[in-house]
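J.: can't give you the sequence, but here's the structure:
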């Protein structure tokens with residue numbers, strides 16, 4: 001039986017960690033790409049490396065520069081959104097222009113070079129509907145670009161969480177034994193989660209709805 005190879009975009013958060021374990025369950029032999037793009041919440045990089053090690057997969061950490069980025073994730077002068085509905089009323093300040101286009105471009109190039117058949121991404125639309133690069137139509141368009149722009153046109157973009165809520169994502173991850181205690185969601189870049197940014201809010205709400213304590217809070 002041939003080994004199915006896949007590439008996973010791994011950020012260190014709940015979504016990408018859960019996607020990784022879904023792909024493993026589906027029998028993929030994975031390689032992870034972790035990006036250092038001058039994000040202020042650099043702790044997610046260490047989290048991604050830890051999760052890759054827990055899952056027993058190899059990873060590559062790529063340092064890239066997006067000097068024109070005007071995002072609260074890369075520029076400390078731009079305030080983080082503390083309104084949990086920020087993404088419901090337009091594009092939030094945490095949007096990084098073209099980030100998923102850039103990441104997926106690296107990922108499909110890597111996948112083609114190692115004969116991988118799938119690229120996994122933890123995008124989902126429910127909690128972060130303000131991000132245009134997490135929408136199904138974006139992923140469909142990128143898939144069409146692959147068919148026209150690569151020698152290996154059969155590489156698939158797989159987003160298994162796309163229409164799931166954060167609660168559903170965590171429930172799935174708990175069943176797969178995702179080590180959520182090593183994940184990092186906070187945008188603030190501090191030693192401990194701020195508990196105020198929208199990413200912290202959605203994480204806390206989902207664990208609360210499931211009636212369980214966030215394992216990150218037990219550390």
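T.: Done, it's in. Since this is a predicted model, take the numbers as computed values, not measurements.
J.: switch to C-alpha atoms for all contacts and neighbour counts from now on
T.: Fine.
J.: Distance of residue 108 relative to residue 9?
T.: Going from residue 108 to residue 9 by C-alpha to C-alpha, to the nearest Å gives 10 Å.
J.: do residue 125 as well
T.: To residue 9, residue 125 is 17 Å away according to C-alpha to C-alpha.
J.: Those two: which is more packed in?
T.: More crowded of residue 125 and residue 9, by other C-alpha atoms under 10 Å: residue 9, with 26 against 19.
J.: How far off centre is the helix or strand of the chain with the lowest mean pLDDT?
T.: None of the helices or strands of the chain scores lower by mean pLDDT, DSSP states H and E than helix 198-209, at a mean of 91. Chain-centre distance of helix 198-209: 16 Å, with C-alpha atoms, centre = their mean, to the nearest Å.
J.: shared neighbours, residue 108 and residue 9?
T.: Counting by C-alpha atoms under 8 Å, 6 or more residues apart in numbering, the shared contacts of residue 108 and residue 9 are residue 119.
J.: Quick check: closest non-adjacent residue to residue 116.
T.: residue 5 (4.4 Å; C-alpha to C-alpha, 6 or more residues apart in numbering).
J.: Please apply the same query to residue 96.
T.: residue 71 (5.5 Å).
J.: Which residues does the lengthiest strand in the chain contact?
T.: In the chain, ranked by residue count with DSSP state E as the criterion, the top strand is strand 28-36. Defining contact as C-alpha under 8 Å, 6+ apart, one finds that strand 28-36 is touched by 3-11, 23-24, 42, 45, 48-49, 52, 57-64, 103, 107.
J.: could you flag which of those residues are buried?
T.: 5-11, 23-24, 42, 45, 48-49, 52, 59, 107 (16 or more other C-alpha atoms under 10 Å).
J.: Looking at those residues, which are in helices?
T.: Counting by DSSP state H, the buried ones among the contacts of strand 28-36 place 23-24, 45, 48-49, 52, 107 in helices.
J.: Who does residue 120 form a beta bridge with?
T.: On the basis of DSSP bridges, residue 120 is bridged to residue 8, residue 158.
J.: Was I right to think it contacts residue 6?
T.: Yes - in terms of C-alpha atoms under 8 Å, residue 120 counts as a neighbour of residue 6; the distance is 7.3 Å.
J.: for the ones in helices among the buried ones among the contacts of strand 28-36, which one is nearest residue 149?
T.: Proximity of those to residue 149 (C-alpha to C-alpha) peaks at residue 107, which lies at 13.7 Å.
J.: For the protein, just list every one of the helices.
T.: 14-25, 43-55, 99-113, 136-149, 166-175, 198-209.
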